[in-house]
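S.K.: Next comes the sequence, and after it the predicted model I'd like to discuss.
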Amino acid sequence: MESNRKAAVAAGVLFIVATVADVISRVALLTPVLGLPDPLAAVAANETSVVLGAVLLFVGAAAAAGIAIAMYPVMRGHGEALALGSVGFRLIEGTFYLGIVVCLLILVAMGQGAVSSGGPVAFAVPVTLVLAAREALGQATWVCGTTSRAVAGRPRLTPRQLGEEAARRAVSGEVALVFGEERRGLSDAELELCQAVCTIPTSPDYDSMNLAQAVAVLCYELASGAEAGSVSPAAASAVAAEPARRATVEALWERLSALLAAAGYLNPQNPEHILADWRRLLSRAEPTQREVELLLAAVRSLERQLAPGR
């Protein structure tokens, strides 16, 4: 009985240590930093807080494992399977803690790299991380969505290719990387706003990733692509003209869809079926801002000619 009491006291102390370490690291140290609009810049400016938070989470991981070890003799008295199950679940908990610690250390390293490169803190290319929203993509000239699915008419990039492509295209305009909601990812309608998609290779048995993990992986590749070197003169000249901004493209589609519907070209029951093909066609062409403005002006002229009363 005395040994069981000592084990229970040890487990209780370790449980308190794990809880306090978790609360302090998340509430006092990490959330105020990672909750800012530019998390990477915030990490670079508050490196001590992030590292201390990672250390406390590591303490939480060790405490979780310690609870399992302390309670094993007590649990074994009620059944070997129960004792092993308790140890297994505590070890899984500790593994999750360690995974978070690794992600935090990656963010710290990325922040240090951005500062040492002499460029702006965060990414060396103007990449904006957004949740899918049409309004947020208004100024973007190239949009890449994240998905595990193959999307017809969209180039499918690896994370490494995404980093290189984002660095190249950022020379001439804003680049946006779009992540979907945790449970369902990006919808078909949201993917229609993207000129390319990026898929992180995973095991065939589990083809999706936690959102935070996906963000960490792609942030690393974006930073690596920006630091790989300056864009070559040939690549720079290939994107010298200003690419079309998403807001202008969406204005074109809004007017063109109304015009084609009025002309009877679109199926009123499912107009997006044909418009999706038109979107893919224009996306492959990669028009400049001036070219889309010319198309928009032509559509407006047709609207005036077809207006009632003319």
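M.R.: Right, received. Where do you want to start?
S.K.: Which secondary structure state is assigned to the residue nearest to residue 288 when sequence neighbours are not counted?
M.R.: Leaving out its chain neighbours, the residue that sits closest to residue 288 by Cβ to Cβ, 6 or more residues apart in numbering is residue 241, at 4.4 Å. Backbone N, C-alpha and C define where each C-beta goes, glycine included. At residue 241, secondary structure determined by DSSP: H, G, I helix; E, B strand; the rest coil is coil.
S.K.: Give the burial count for residue 241, as a bare number.
M.R.: 15 (other Cβ atoms under 10 Å).
S.K.: Any figure for the gap between it and residue 166?
M.R.: 18 Å (Cβ to Cβ, to the nearest Å).
S.K.: Please parse this protein into its domains.
M.R.: Using automatic domain parsing, the domains assigned to the chain come out as 2-116, 127-238, 246-306.
S.K.: For the stretch 201-310 of the chain, which residues score under the pLDDT cut-off?
M.R.: The model of the stretch 201-310 of the chain has pLDDT under 70 over residues 207-208, 229-240, 309-310.
S.K.: same thing but at 80, please
M.R.: Applying pLDDT under 80 to the stretch 201-310 of the chain flags residues 203-209, 227-242, 246, 268, 272-273, 306-310.
S.K.: Next: the stretch 51-200 of the chain.
M.R.: In the stretch 51-200 of the chain, residues with pLDDT under 80: 68, 71-79, 82-83, 86-87, 90, 110-138, 153, 172, 181-185, 189.
S.K.: how about the helices in it?
M.R.: 80-116, 159-169, 188-191 (DSSP state H, counting those that start in this stretch).
S.K.: Include distance to residue 306 and mean neighbour count when you put the ones you listed into JSON lines, please.
M.R.: Compiled in JSON lines, the helices of the stretch 51-200 of the chain are given as follows (distance: least, Cβ to Cβ, whole Å; neighbours: other Cβ atoms under 10 Å):
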{"stretch": "helix 80-116", "distance to residue 306": "53", "mean neighbour count": "16"}
{"stretch": "helix 159-169", "distance to residue 306": "37", "mean neighbour count": "21"}
{"stretch": "helix 188-191", "distance to residue 306": "28", "mean neighbour count": "16"}
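S.K.: JSON lines for the ones you listed, including distance to residue 282?
M.R.: Listed next are the helices of the stretch 51-200 of the chain as JSON lines, based on distance: least, Cβ to Cβ, whole Å:
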{"stretch": "helix 80-116", "distance to residue 282": "35"}
{"stretch": "helix 159-169", "distance to residue 282": "17"}
{"stretch": "helix 188-191", "distance to residue 282": "15"}
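S.K.: Ok, which of those comes nearest residue 225?
M.R.: Closest approach to residue 225 among the helices of the stretch 51-200 of the chain is made by helix 159-169 (2.7 Å; Cβ to Cβ).
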